[in-house]
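**Student:** turn this into a structure:
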Amino acid sequence: MPLEFVRPSAMPATANFLLFGPPGTGKTVGACSGPGPVLVLNAEGPGAMRKAREIHPDAEIREVAVTGKSVLDEAYLYLRDGAGKDVRTVVVDTVGEVYRILLEEFGGERPTLQQYGDTNIVVERFVRALRDLDVNVVLVAHEETIVDGTTGETMRQPVTGGKKLPGQLMAQVDVVGYTGVITEEGKPPRFVAQLIDSGGRRCKDRSGRLGTVRAVDISEWLRTMHVAPANANRKAA
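**Tutor:** Take a look at the predicted model:
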């Protein structure tokens with residue numbers, strides 16, 4: 001069977017992001033700054049979205065509580081085949097809590113190694129399935145500190161559950177941003193993200209256009225990356 005070559009598009013239709021960092025650094029608020037409607041898969045509890053709704057009062061945010069694998073399956077079908085075809089941004093908040101919920105569902109209080117592996121596979125495949133839809137994806141994660149066994153260097157990476165999952169998810173997205181707050185006397189705090197590897201923080205910007213540090217605004221990032229509006233082709237069809 002002959003090779004079928006991919007035709008490069010003039011402009012990508014969507015992009016995928018991972019925001020991680022300490023508590024209170026604007027991860028959820030920043031994630032919800034993507035083009036709307038925004039579907040939020042919330043694993044952090046009822047109050048997690050309060051600030052995001054306050055900062056983005058005009059955004060159409062559709063929030064779903066993640067309680068188990070069935071919610072992830074239903075969300076994917078909603079986006080792919082259902083009324084959610086108009087959604088332009090999907091937020092998973094947080095990946096680590098989704099992992100914990102699934103692990104408890106699969107293994108209870110004492111999960112086996114096999115159940116840990118099964119949970120890892122479900123999360124990785126779910127993120128990959130979202131990535132392949134015509135929608136922007138924003139993964140939100142807390143941070144953890146690890147020590148490189150070879151170099152002894154202290155590294156900060158996203159908490160996703162699983163030993164291999166942080167690297168797998170970072171490889172799937174276009175941008176990995178480490179969030180932080182800049183405070184100046186007499187001025188409101190600025191929520192920013194580091195976008196290049198530095199200081200032990202694992203970051204990246206596949207577009208090469210966002211710079212070193214940037215205010216967390218997913219819609220603005222997409223414009224700077226020259227990403228076409230999500231669903232543009234679908235709406236024109």
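
**Student:** need the phi and psi values for the one residue sitting closest to the centre of the chain.
**Tutor:** Nearest residue to the geometric centre of the chain (C-alpha atoms, centre = their mean): residue 139, 1.3 Å. Main-chain torsions, residue 139, degrees, to the nearest 10: phi -90, psi 140.

**Student:** hmm, residue 89 and it touching each other?
**Tutor:** No. Between residue 139 and residue 89 there is no contact under C-beta atoms under 8 Å: 11.7 Å. C-beta: built from backbone N, CA, C; applies to glycine.

**Student:** who's in contact with the nearest residue to the residue nearest to the centre of the chain once chain neighbours are set aside?
**Tutor:** In this structure, residue 139 finds its nearest non-sequential neighbour in residue 18, 4.4 Å apart by C-beta to C-beta, 6 or more residues apart in numbering. Applying C-beta atoms under 8 Å, 6 or more residues apart in numbering to residue 18 gives the contacts 138-141, 158, 169-170, 173, 175-177.

**Student:** name the SS class of residue 18, please.
**Tutor:** strand (DSSP: H, G, I helix; E, B strand; the rest coil).

**Student:** how far off centre is stretch 68-75?
**Tutor:** Chain-centre distance of stretch 68-75: 17 Å, with C-alpha atoms, centre = their mean, to the nearest Å.

**Student:** same question but for stretch 62-75, I mixed them up
**Tutor:** Chain-centre distance of stretch 62-75: 15 Å, with C-alpha atoms, centre = their mean.

**Student:** next one: stretch 20-39
**Tutor:** 9 Å.

**Student:** give the buried residues for it.
**Tutor:** 20-21, 25-36, 38-39 (16 or more other C-beta atoms under 10 Å).
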